[in-house]
Every structure is written in C-alpha cells, then in structure tokens.
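# Make a model of this:
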Amino acid sequence: MMRQRNQRTEVTDSMRQDDTRRAEPVAGPSRRAAAVGMCAMAVLLAGCTMPAPHVPLRENAQGGRNFYVSPQGDDGNDGRTPQSAWRTLRHADALRFRPADRLRLQGGARFRGTLSIGQGDAGDPRRPVVIESYGKGRATILASGSRAIEVHNTSGVALRDLVVVGDAAAYRTQDGIAFVSDLPGDRKLPYVRVSGVEVKNFRNGIRLHGGKEASGFRDVLISDTSLHTNQDAGLVADGPAFDAGAPAYAHEDVTVSGVTAFDNVGDPQASERNTGSGIVLGSIRRGRVEQSVAHDNGELSSPDAMEGPEGIWTYDSTRMTLQKNVSYGNRTGSRVDGGGFGLDNNVSHSVMQYNLAYGNDGAGFLAYSAVANSAQTGNTIRYNISHDDSRKLQEYGGIVAFGSRVTNLAIYHNTVLITANGAVRAPALRLEPSLGSVTVRNNVFVTDGPPIVASQNAFLPSDVTMQGNDYYSPQGWNVQWGDGSFTDLASWRLATGQETLGQRATGTDVDPCLTQVPLSAAGPNLHGAGPTRGALASQCAATLTGAAVNLRNLGVNPGRTDYFGAPLKGSPGVGAVQLAPAA
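All right, here's what the predicted structure looks like:
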C-alpha cells in the first residue's frame, strides 16, 4: 500500500514574499526612470537613502525552483541556495514538487529517510522534476525499513547521481526505488529517467509496477546504474495478470542501457516464486535491454522453488529486444533456471541478439512457455554466443526451446560451445515439447562429448527445421532425436529429413576451430564491468563454406551485422561471428 502524503510544509514567509513580488507587474521604463530620477534629486537635496534593489531567487534553466539539502543546513531555512539549505530529508519530503523543480542533495553526504513524489506532484514530461546530487561525489539516501524513493501515480521525474541503501528490514520487504501506478484504466504516465544511480540492500533494487487495469509508465530510460546485493532482483517491471485472449501491457517504450546487476542472491525461503534475477521485465510493450551486464545472481534462491532466476529475461511482454549484453556466473538454488537470458511465458515478436552468456548454472539462451496458449510466438534468437553454460543443470543446454507451446521461433547464426563440468554433460542445443514452426539454421554447435543436440521428440521438419548448422564433437558425434541416437550426420539426415533443402544436403560436422576473441577487440561497451572470457569465433571459417543456407532465399532477413558488428555480405556463413576481428 502506497503511503499518501496529506500534509505539506508551508512555504516560508520569504518564499511567499518572493513569489508575490515576482507576480507583481514590472513598472514601465518611463515610470522607473522617473522614480530613480526623483530619488536621486532627493538625495542631492535632502540626503535620503536609496532602497536596495530586489534580487529574486534564481530559477533553474527550465523555470523551476532549486532546493538544497545539506548536513550543515537548517530546516528553518528556505532551502533555495546551498548556503540556505535544509538539513533533513523529512523536511524536503513534505515539499509539493512543481514541474521543473530540482531537489539537490549534497554530494558525499548521507541522509536518512525517504522521498516520495505523489499524485499532484511533477507530471510534466517536458519539464521533469529532478532529484540529484550537487557538489563533489554522490549523495547517499539511507532507508530504514522503507523505500528510499517512491513515485506514485505521477511521472515527469528524473533521478540521477545518487546512492540508495537499505537496512535489514528494507532488504526483506521494500523496493529501493519504486515507480508505482494504480490508476484506473489503461493509462500510461509519460517520462521516467534513472541514471548514474547505485541501489543496494533492498528486496528489489528498482521496481516499475503497473496497476490491475494495465495502468503504468511509458518513455522510461534506466541507464548507467548499478543494482547489487538486493534479495529478489536488481531491476523488476511487472503489471496485471496476462490474458492471452486480450493482451494488455502496463508499460511502453522502456529502455534499460548500461545497467549492471550482480549479487542479487535470492530468497531461500521463497518457494512460491522466483527470486535472485538480475534484470527481469514483465508487462511491457516495446522494450530494450542493451549494453548491460548481469552476473553472480541467484545463488541463494530457494531449493524448493518450482521456478528460478535468470540473469536477464522478460515475460508477459511483446516486441522486446535484448541485445549486446553479457550474462555470466548466474546461479539457481533449485533444479530449474539459473540461466543467462530468457524469453519466458507469453513473450511475442521479440529478439535476443548479439549477447554473450557463459558459466551460468542453466541455459545460456532460453525460449520457454509454461502455459498452453498462443502467446509465445514470433521470437528470434540470433548472433549470440553461449560458452560453457548449463554448468549445474544438464537438463538444459547452451540454447534451449521447450514448454507447453512455443511457435514460430527462429534460431540462427549462434555459436555454442559446451564442455563437461564433471558429471554434468549438457547438450549445445536442447529441444523439448511442444514446439511448432521452429527453425534452427546456420548455427555452430560444439561439445567435448555427446550429445551435441538432445531432442525429446523426433520432430518432423514441419515442426522443427534444422538446416545449415555445424555439429562438432572431438569425442564422438552424437545427436539424440526422440528415441533415436545417431552417431553421424548422414544417418541422422537420412532417417529424419533434417539438414536438407530440397534435394540438397545441408550442414556439416567439421571442426570450426573456435577461439576466444577479447571483447576489447570489438563488441559491446561494458562500462568497465566486462567478463573475463571473450567471444567465440571460428579460425577456419573457410572449411565451413557451403554448409550454411541462404536465409534471404528462405524469406528471412538475417540482419546487417554479425556479433562484432561486421557487415554481412552476400550469404553469411555459419555462427555468430563471420570473421574474427584482430585482437
């Protein structure tokens, strides 16, 4: 339940006088000149004193008011300058924010309490209210059993250059920064910005929460932010329960860029829900996660949970793009999930591209649906790299597609390398029921032992089409296809009709000569939080010539670039990287 503020600090006399004076009409030039001339004459004749000119309090560039808070301030001040700053957040929290106002906290200082912006505050996307630090360094807000910043039923708000820290009670129950709408109807509140912020020790670092009737936020940008040491997740967006017959989404046009989410470990007591994710976005129409990193999340998630965490994933959403991110070292306390990236329940017309996943407990890249509806459809997984994923759970793999119903899924130009982790031997690709109209083309699948592909069903090409892939294992070739186990490409092709295009045999089983390429050579800018492993590229691409299929001839637009941004020319070869860049 959101806290409603029903009383505000009254403006001080000086503020009221200043506002009154600024509202008065200004005397015209002739009257002002006459007044000055008369007083000047009076000075000469009678020695009268000239009154001091009025200097109004300075407004910021957007025409709003500036307010300052400093440990050296006094709540009896007007708060309008650094020299007349307030002292406490409690006093600042009672302010009614008008559009373009700025609340500025002294950099390097620590302030206890919470800040709330409610309905009637802010609200103008062209003139947002800003809460930020001033001076050197970032100010810290210390929340005790409460949210640090909450924005309720309003928007036109920017938060920047702050550190937000919770205590033990906040870690169990509160969101660090919460944007909440429970307005009636399908209303989207415009303009939310969060940048340069660090949030730690809360249940969720940042939460974007929509109402039961799909009210929420649009034009949201969360950038250059660190979310760590929280319990359930670093960043969460959610909304109403999903209705496949009448899809509604709480939020629109949400961008997450340059966010690092790590050590969000999960709740060992939460067996009824998933906990321990880095970035999880639900109930969004048109969203993007890019240039972001999720690592070492989920370690303490419940061993009894029926669903687990992922590094970066989305659900109940449409037209989402997860691109140029890295997700590694993510864990699960149970026997499910713990992967790098995921397109989960009820995700449609979305894409995962140009991402790197490695060293995760579960799948590197997952497409999954637990509900038998038609909402998990039209998705694409392309130009991604999975390196040694499924370190704990061999029931997964590098790329995994399964669930109650997954349709119209395209998996192409990915590179997957899986090596055994003791007794754990996961496949490079895992397929399970129920899949329809799934295409798997021009990928590199490599393991250091069988199986390369594990498919629970012996899918017909009409349900799952495999074309133009490289399948390689130096320890013995094996593909599990339903009840059958095949030890060479030719026999599998002949028995199943896979890896054919008309009368042409496609695919290959040659060594792609994979090598690691440092991300510093090319690829995503990871803001100094990059991984220790590089991307995988083929050093003998010429040996794979002729294995791939021409996607354009099959009605598929393969995109403009490969994983490293190299332009695609002609008919691309296999894998995520077409030509390894120089180190």
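# Now do the same for the helix or strand hosting V289: mean pLDDT, whole number.
Element membership of V289 [criterion: DSSP states H and E] is strand 284-290. Confidence for strand 284-290, expressed as mean pLDDT, is 98.
# What strands line up against that strand, and which way round?
Strand 284-290 pairs in its sheet with strand 251-262 (parallel), strand 318-323 (parallel), by DSSP bridges.
# Could you list the residues in contact with it?
Residues outside strand 284-290 that contact it (C-beta atoms under 8 Å, 6 or more residues apart in numbering): 237, 249-257, 259, 279, 281, 312, 314, 317-325, 524. Bear in mind the C-beta positions are built from the backbone N, C-alpha and C, glycine included.
# Now that strand - C-alpha only, CSV.
The C-alpha coordinates for strand 284-290 follow below in CSV (Å, rounded to 0.1, in the frame of the first residue of the first chain):
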residue,chain,number,x,y,z
ILE,A,284,6.0,-4.3,-21.4
ARG,A,285,5.1,-3.3,-25.0
ARG,A,286,8.3,-2.3,-26.8
GLY,A,287,11.3,-2.6,-24.6
ARG,A,288,15.0,-2.9,-24.9
VAL,A,289,17.9,-4.1,-22.7
GLU,A,290,21.3,-3.3,-24.1
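# For stretch 465-475, which residues meet the burial criterion?
465-473 (16 or more other C-beta atoms under 10 Å).
# swap in stretch 484-503?
Buried positions in stretch 484-503, judged by neighbour count with 16+ other C-beta under 10 Å: 486, 489, 492-493, 496, 498-501.
# got it, and stretch 432-440?
Residues of stretch 432-440 classed as buried: 432, 435-436, 438-440 (neighbour count, 16+ other C-beta under 10 Å).
# okay, those in TSV with distance to R193, pLDDT and secondary structure next?
Formatted as TSV, the buried residues of stretch 432-440 follow (distance: C-beta to C-beta, whole Å; pLDDT from 0 to 100; DSSP: H, G, I helix; E, B strand; the rest coil):
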residue	distance to R193	pLDDT	secondary structure
E432	41	94	coil
L435	40	96	strand
G436	41	96	strand
V438	39	98	strand
T439	39	98	strand
V440	40	98	strand
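# Which two among these are spaced furthest apart?
Spatial extent of those (C-beta to C-beta) is set by the pair E432 and T439 at 16.5 Å.
# so where's this structure shaky on pLDDT?
Within the chain, the stretches with pLDDT under 70 are 1-58, 519-532, 580-583.
# 90 instead?
By pLDDT under 90, the low-scoring segments of the chain are 1-63, 449-450, 475, 516-535, 537-546, 564, 566, 568-573, 578-583.
# List the contacts of S455.
Residues near S455 by C-beta under 8 Å, 6+ apart: 430-432, 464, 479-482.
# If we use 10 Å, what do you get?
Contact partners of S455, counting by C-beta atoms under 10 Å, 6 or more residues apart in numbering, are 401-402, 427, 429-433, 435, 464, 466, 479-482, 484, 496, 498.
# Likewise for Y354?
Listed by C-beta under 10 Å, 6+ apart, the contact partners of Y354 are 290, 321-325, 382-385, 523-524, 535, 559, 561-565, 576.
# now the helices for the stretch 51-200 of the chain?
Along the stretch 51-200 of the chain, the segments classed as helices by DSSP state H, counting those that start in this stretch run 89-93, 168-173.
# Tell me which of those sits most buried.
Neighbour counts (mean count of other C-beta atoms under 10 Å) averaged over each of these peak at helix 89-93, with a mean of 19.
# Just list what it packs against, helices and strands only.
strand 66-69, strand 102-106, strand 110-112, strand 115-117, strand 139-143 (3 or more C-beta pairs under 10 Å, 6 or more residues apart in numbering; DSSP states H and E).
# Looking at those, which is nearest to V163?
strand 139-143 (4.2 Å).
# roughly how far apart are the residue nearest to G145 when sequence neighbours are not counted and N373?
In space, and not counting its chain neighbours, G145 is closest to A169: 3.5 Å by C-beta to C-beta, 6 or more residues apart in numbering. In this view, A169 and N373 are 39 Å apart by C-beta to C-beta, to the nearest Å.
# Likewise for A241?
A241 sits 13 Å away from N373, going by C-beta to C-beta.
# Neighbour count: the two, which is higher?
N373 (15 against 8; other C-beta atoms under 10 Å).
# hmm, back to that, buried subset of the contacts of Y354?
With burial judged by 16+ other C-beta under 10 Å, the buried subset of the contacts of Y354 is 290, 321-325, 382-385, 523-524, 535, 559, 562-564, 576.
# Out of these, which sit inside strands?
Using DSSP state E, the members of the buried ones among the contacts of Y354 that fall in strands are 290, 321-323, 382, 385, 535.
# These: which two are farthest apart?
Pairwise distances across these peak at 19.3 Å for T321 and A535 (criterion: C-beta to C-beta).
# Show the contacting residues for G329.
Shown in contact with G329 (C-beta under 10 Å, 6+ apart): 262, 294-299, 311, 340, 358-361, 391, 531-532.
# what about 7 Å?
Going by C-beta atoms under 7 Å, 6 or more residues apart in numbering, G329 touches 295-296, 359-360.
# Equivalent analysis for S334, please.
301-305, 308 are the contacts of S334 under C-beta under 7 Å, 6+ apart.
# Out of the residues you listed, grab the one that's most surrounded.
That'd be S301 among those, by other C-beta under 10 Å, with 32 neighbours.
# Just among the contacts of G329, which is most surrounded?
Most neighbours among the contacts of G329, by other C-beta under 10 Å: N360, with 35 neighbours.
# Quick check: that residue vs R104, distance?
41 Å.
# Can you pull the phi/psi pair for Q503?
When read as degrees, to the nearest 10, the backbone of Q503 gives phi -90, psi 0.
# Contact partners for it?
Contact partners of Q503, counting by C-beta under 7 Å, 6+ apart, are absent.
# if we can go back for a sec, D75: which of the contacts of S334 is nearest?
Closest approach to D75 among these (C-beta to C-beta): S301, at 43.4 Å.
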